[in-house]
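In: pasting the sequence and the predicted coordinates here, then a few questions.
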Amino acid sequence: MLTVTETIGNIFHDKELGGKFEQLRHSPKCEVVKISRSELEKTRLRVKTNQGTDLGLILNSAPKLHNGDVLLNSPEKMVVIEQIPEKVISIKIKKLAEDSQNETSVILGHIIGNRHRPIQIDKNGIISFPILADSEVEVFKKLFSKIINQLEIKVENRIFEPKKEMDVHEH
Amino acid sequence: MNLENKMKIAKVGIGGPVGSGKTQLIEMLVPILKKKGFKCGIISNDVISKEDAERMQRTLATELKLMPEDMIIGIATGGCPHTAVREDPSINLAVIEEIEQKDPTLDLIIIESGGDNVMTTFSPALADYFIYIVDVSGGDKYPRKGGLGIESSDLLVINKIDLATYVGANLSIMKNDAIRIRKNKPFEFVNCKTGLGVEKIVDHIIHNLLFDKKPLKNIT
């Protein structure tokens, strides 16, 4: 088992690491560890890469792991975290008059917050949050019933990266 | 309190419904871990009483002499059990700090949650490895109904398998549902009354949480 005590960087934020990953991603020198969002929060974790390399993560502090974090980077081997996609509801608020827009946003935020979900807001203002099962889609549609005509709702299976300050516990 | 520096000793969280066998599982795990040379501390959360902690002080400390009594600490959380291990684990983190100061040579701290529902999880700031325990007396529907504890725990333990025939629970159904709902994550059937299957739980802890390391006392 190889012990990892800190991450080296992130392929999406470090040009050099990103370039190396692009170059090696289809070669045996590049290995991927698939980790769920909840596991990314851990500081002690034993995982195997897609090529079977056994890694023991013992992070000294608690910086959350992220999709694209590099765990090992040597001439022989690069190991990168790949976050496992999950079910997500994405919502776009339709164009409305300013007053209605504000009210809809507050009601939407209140409902999602009441369910203790972390949220992600992309650069186009699309709000998304994770769900455990398809059955929750109907639940949320019912909860949104008063504003549902003002919303475009999509269900996707993708990597969910919570907005930092909005990453609450879930249950 | 600085939550980021509380990761020195490996910590396993054990959660599950009331009466599923959390305390009994710990009473079975500790002697096996002790025999293998691992020193444990225990925190037992409950809503109002400290009954489970007092029971383990009696069984594990006084009777079996496996650990000092002050290494088993009860916390009466006073609220919903999950709040103290998930939303705001600060009281547990404070007790962990206390335990770490008392004995820095511990290999493992076991944190028992109060009995709760199937959505129980542990804050990653508190537990490095999460065991969720249910028992067959709730029926063989338990694994397939899912919930965060059943789906996201690092290890699912299904206890009281000796009762299955008496309550009409089909262990094959539970096994197949657990495989399907947990995908590649492990689960084990146990009988914590007799200890059947508990050795496997210890193996999971030593491999996945302690990384197959030798007990600290053997390398310091």
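Out: Looks like it arrived, so ask away. Numbers count the residues shown, from 1 in each chain, chains lettered A, B, ... in the order given.
In: packing partners for the helix ranked longest in chain A?
Out: Taking DSSP state H as the criterion, chain A has its longest helix at helix A:98-114. If you count contacts as 3 or more Cβ pairs under 8 Å, 6 or more residues apart in numbering or on different chains; DSSP states H and E, helix A:98-114 packs onto strand A:86-93, strand A:127-130. For glycine as for every other residue, the C-beta is placed from the backbone atoms N, C-alpha and C.
In: please save the CA atoms from the first one in PDB.
Out: Pointing back at strand A:86-93 there. Provided in PDB are the C-alpha atoms of strand A:86-93 (Å, rounded to 0.1, in the frame of the first residue of the first chain):
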ATOM      1  CA  GLU A  86     -24.700  11.000  -9.100                       C
ATOM      2  CA  LYS A  87     -28.400  11.900  -9.600                       C
ATOM      3  CA  VAL A  88     -29.000  15.600  -9.600                       C
ATOM      4  CA  ILE A  89     -32.000  17.900 -10.100                       C
ATOM      5  CA  SER A  90     -31.100  21.000 -12.100                       C
ATOM      6  CA  ILE A  91     -33.400  24.000 -12.100                       C
ATOM      7  CA  LYS A  92     -33.500  27.100 -14.300                       C
ATOM      8  CA  ILE A  93     -35.800  29.900 -13.200                       C
END
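In: how about low-confidence regions in the chain?
Out: Using chain A. Along chain A, segments meeting pLDDT under 70 span A:61-63, A:165-171.
In: um, chain B though
Out: B:1-7, B:216-220.
In: give me the residue at the spatial middle of it.
Out: The C-alpha lying nearest the average C-alpha coordinate of chain B belongs to B:Ile14 (Cα atoms, centre = their mean; 2.5 Å).
In: can you give me the helices for the chain?
Out: No chain was given, so I picked chain A. A:15-24, A:37-40, A:98-114, A:135-143.
In: right idea, wrong chain: chain B
Out: Remark: helices assigned in chain B by DSSP H are B:22-35, B:51-56, B:81-82, B:90-102, B:142-145, B:148-152, B:164-167, B:171-182, B:198-204, B:216-219.
In: mind listing what's buried in the fifth one?
Out: Of the residues in helix B:142-145, those buried by neighbour count under the rule 16 or more other Cβ atoms under 10 Å in any protein chain shown are B:142-143.
In: isn't A:Lys154 right up against A:Ile131?
Out: No - using Cβ atoms under 8 Å, A:Lys154 is not in contact with A:Ile131, being 12.0 Å away.
In: shared neighbours of those two, anything?
Out: A:Ile89 (Cβ atoms under 8 Å, 6 or more residues apart in numbering or on different chains).
In: one step back: looking at the helices of chain A, which is buried most?
Out: With neighbours taken as mean count of other Cβ atoms under 10 Å in any protein chain shown, these reach their highest mean count in helix A:37-40, at a mean of 19.
In: contacts for that helix, please.
Out: A:45, A:47, A:64-67, A:81, A:83-84, A:86, A:130, A:160, A:162, B:121, B:124, B:152.
In: higher neighbour count, A:Lys154 and A:Ile131?
Out: Using other Cβ atoms under 10 Å in any protein chain shown, the more surrounded residue of A:Lys154 and A:Ile131 is A:Ile131, with 20 against 11.
In: give me the nearest residue to that one, chain neighbours excluded.
Out: Counting by Cβ to Cβ, 6 or more residues apart in numbering or on different chains, A:Ile131 lies nearest to A:Lys87, which is 5.0 Å off, once chain neighbours are set aside.
In: quick check: bridge partners of the one you found?
Out: Per DSSP bridges, the residues bridged to A:Lys87 are A:Asn157.
In: still on that earlier bit, let me have the helices of chain B in CSV, adding distance to chain A as columns.
Out: Listed next are the helices of chain B as CSV, based on distance: least, Cβ to the nearest Cβ, whole Å:
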stretch, distance to chain A
helix B:22-35, 17
helix B:51-56, 23
helix B:81-82, 7
helix B:90-102, 11
helix B:142-145, 11
helix B:148-152, 5
helix B:164-167, 26
helix B:171-182, 10
helix B:198-204, 10
helix B:216-219, 14
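In: please point out which parts of stretch B:62-70 sit buried.
Out: B:66-67.
In: what's the end-to-end length of it?
Out: Stretch B:62-70 has an end-to-end distance of 11 Å (Cα to Cα, to the nearest Å).
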